[in-house]
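[1] Dropping the sequence and predicted coords here.
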Protein chains: 2
Amino acid sequence: MKRARRKSNGEPRFERKLPEARRLALIEATIESLKRFGHEGLSIRRISAQARVSIGLINHHFPTKDALVAEAYRHFNNELVGSLRQAVANAPPAPRARLRAFLEASFSPPNLDSDVLAVWVVFWGLYRHSKDIQRVQSETYHGYVDLLRGMLADLEREVGALRFNLRLAAIGLTSLIDGLWLEWCLDPDNFEPREAVQLCEAWIDRLGS
Amino acid sequence: MKRARRKSNGEPRFERKLPEARRLALIEATIESLKRFGHEGLSIRRISAQARVSIGLINHHFPTKDALVAEAYRHFNNELVGSLRQAVANAPPAPRARLRAFLEASFSPPNLDSDVLAVWVVFWGLYRHSKDIQRVQSETYHGYVDLLRGMLADLEREVGALRFNLRLAAIGLTSLIDGLWLEWCLDPDNFEPREAVQLCEAWIDRLGS
DNA sequence: CGGCTTGTTGTACGATCGTTCAATAGTGTC
DNA sequence: GACACTATTGAACGATCGTACAACAAGCCG
């Protein structure tokens, strides 16, 4: 008798997936492991366990661990920008309404989650010393910037003449949002998400004056 | 002949320091190693090499590596708050002048350094999963908040009546500063430090209106 | 059912991790 | 110069890291 090719219950021991699907599953497991264990979650063994696959599989689909982490960063960026873009698309066409939808999506689940923000911070910590992360950042960040800058440009058009410095306004609003994200993450009891939206809207209100 | 107790040149093989001095040297080496190697710089061997001491010395002065890292975080916080406090103390007593000094100190060397900001981000990445870091954060963060809130309270007094929500104003300004720090770190070519000061002062200008 | 492709497994390897601890040696005191 | 104290050294431990690779097996085709 040859060695059993199946488990005793007759089920297959594992499921083969198309490379594309497996790569996505590994990327999502990477992010989930990062949420659960912080920076220590970014190890082959933790990610493998999270994805319920063997240790060796990751290097079959990704050349190195760093490549997987970089792709996870890309996915995380795309998910954020995609959800914000969709929130804007579902809003009324008026610039102010679209900006409000953008802010409310920024400061409500699933984006405003302590785990999610902790994930961002770990990625940022890798940025300085990882060429891979830097490359993904340069490739994905403009999506976010363009979305926000486009809405501010629309607002400017509605107001009429050139009332504010578009470039500085975008930088300031982005910084305010990121900073409020960070503060809320470090101490969620310090203020309400609703108040973060208020602060950003007050900033926007005062742009034209 | 007994084994030589000195190096061939007659110099001592190492220098004994008082525990307090050695602890400080190890803390500074930790931060320097963190600047040079990012998160990977937070290992006993890297820190030991940076401090030019043996591997075993760290555990003689600190119970665990995490305790050393937490103390480094405390030192880093205290250095920042101390430099900002001194900048404020050296400024004219008018609230606006003190706030300006605070902002200019925030957005100029040595605080506005890519390495320094990268260090912050790594510490923040540890925050969620390290009780030690959380404890230090809760013990040191109020120094920063109190300094900034005190200046805003002075400004409010000067203006006269209760013109703005002090709590929200402090949260917003802190977030704006932190966010601008982060943005500048991720892309120093995006804007000038001077522009960051401008954005913060514009925020303050509009508080009273 | 037999053969083929290739997604998947799991052991093994060398490197590095944090920590321990007995031995060493710098430094002050007499 | 001898001694005591203890800061310091450096080897050693087990654990875990990322990666490589040979063997296995799931799924498909004829």
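    The structure has been received and is ready for your questions.
[2] backbone phi and psi for the nearest residue to residue A:61 once chain neighbours are set aside, please?
    Among residues not flanking residue A:61 along the chain, residue A:23 sits closest, at 5.2 Å (Cβ to Cβ, 6 or more residues apart in numbering or on different chains). No exception for glycine: its C-beta is placed from N, CA and C like everyone else's. With angles defined as degrees, to the nearest 10, residue A:23 shows backbone torsions of phi -60, psi -40.
[3] my read: residue A:23 touches residue A:60, true?
    No - the pair residue A:23 and residue A:60 does not pass the contact test of Cβ atoms under 8 Å, sitting 10.1 Å apart.
[4] Give me the more crowded residue out of these two.
    Between residue A:23 and residue A:60, counting by other Cβ atoms under 10 Å in any protein chain shown, residue A:23 is the more crowded of the two (17 against 12).
[5] OK, contacts around residue A:193?
    Counting by Cβ atoms under 8 Å, 6 or more residues apart in numbering or on different chains, residue A:193 touches A:107-108, A:112, A:184.
[6] Residue A:190: which of the residues you listed is nearest?
    Sorting the contacts of residue A:193 by distance to residue A:190 puts residue A:184 at the head of the list, at 7.0 Å, by Cβ to Cβ.
[7] Tell me the helices and strands packed up against whatever helix or strand the closest one lives in.
    When secondary structure is defined by DSSP states H and E, residue A:184 falls within helix A:166-186. When contacts are defined as 3 or more Cβ pairs under 8 Å, 6 or more residues apart in numbering or on different chains; DSSP states H and E, helix A:166-186 sits against helix A:95-106, helix A:114-127, helix A:131-159, helix A:193-205, helix B:114-127, helix B:166-186, helix B:193-205.
[8] Quick check: residue A:93 vs residue A:164, distance?
    Using Cβ to Cβ, to the nearest Å, one obtains 21 Å as the distance from residue A:93 to residue A:164.
[9] and the residue of chain A found nearest DNA strand C, how many neighbours?
    Scanning chain A for the residue nearest DNA strand C gives residue A:56, at 1.7 Å (criterion: Cβ to the nearest atom of the strand). The tally of other residues near residue A:56 (other Cβ under 10 Å) stands at 9.
[10] need the contact list for it.
    Contacts of residue A:56 were listed using Cβ under 8 Å, 6+ apart, and none were found.
[11] what about 10 Å?
    Residues in contact with residue A:56, defined by Cβ atoms under 10 Å, 6 or more residues apart in numbering or on different chains, are A:44, A:48.
[12] pLDDT wise, what is the closest residue in space to residue A:26 that isn't next to it in sequence at?
    Of all residues beyond its chain neighbours, the one nearest residue A:26 is residue A:51 (5.5 Å), with distances taken as Cβ to Cβ, 6+ apart. Looking at residue A:51, its pLDDT is 98.
[13] these two touch, right, residue A:51 and residue A:32?
    Yes - at 8.6 Å, residue A:51 and residue A:32 qualify as touching, with contact defined as Cβ atoms under 10 Å.
[14] ok, back up a step: looks like the residue nearest to residue A:61 contacts residue A:53 (just checking).
    No - contact between residue A:23 and residue A:53 fails when scored by Cβ under 10 Å: they sit 11.7 Å apart.
[15] Quick check: neighbours shared by those two?
    Taking Cβ under 10 Å, 6+ apart as the contact criterion, the residues that touch both residue A:23 and residue A:53 are A:17, A:61.
[16] Give the helix, strand or coil label for residue A:53.
    For residue A:53, the reduced secondary structure class is coil; criterion used: DSSP: H, G, I helix; E, B strand; the rest coil.
[17] now the helix holding residue A:184 against helix B:193-205, angle please.
    Orientation of helix A:166-186 against helix B:193-205 (axes from the mean of the first three to the mean of the last three Cα atoms, to 10 degrees) gives an angle of 70 degrees.
[18] Next, the angle from helix A:166-186 to helix B:131-159.
    Using the same axes, to 10 degrees, one finds that helix A:166-186 and helix B:131-159 are set 130 degrees apart in direction.
[19] quick one: buried residues of helix A:166-186?
    Of all the residues in helix A:166-186, those buried under the rule 16 or more other Cβ atoms under 10 Å in any protein chain shown are A:168-186.
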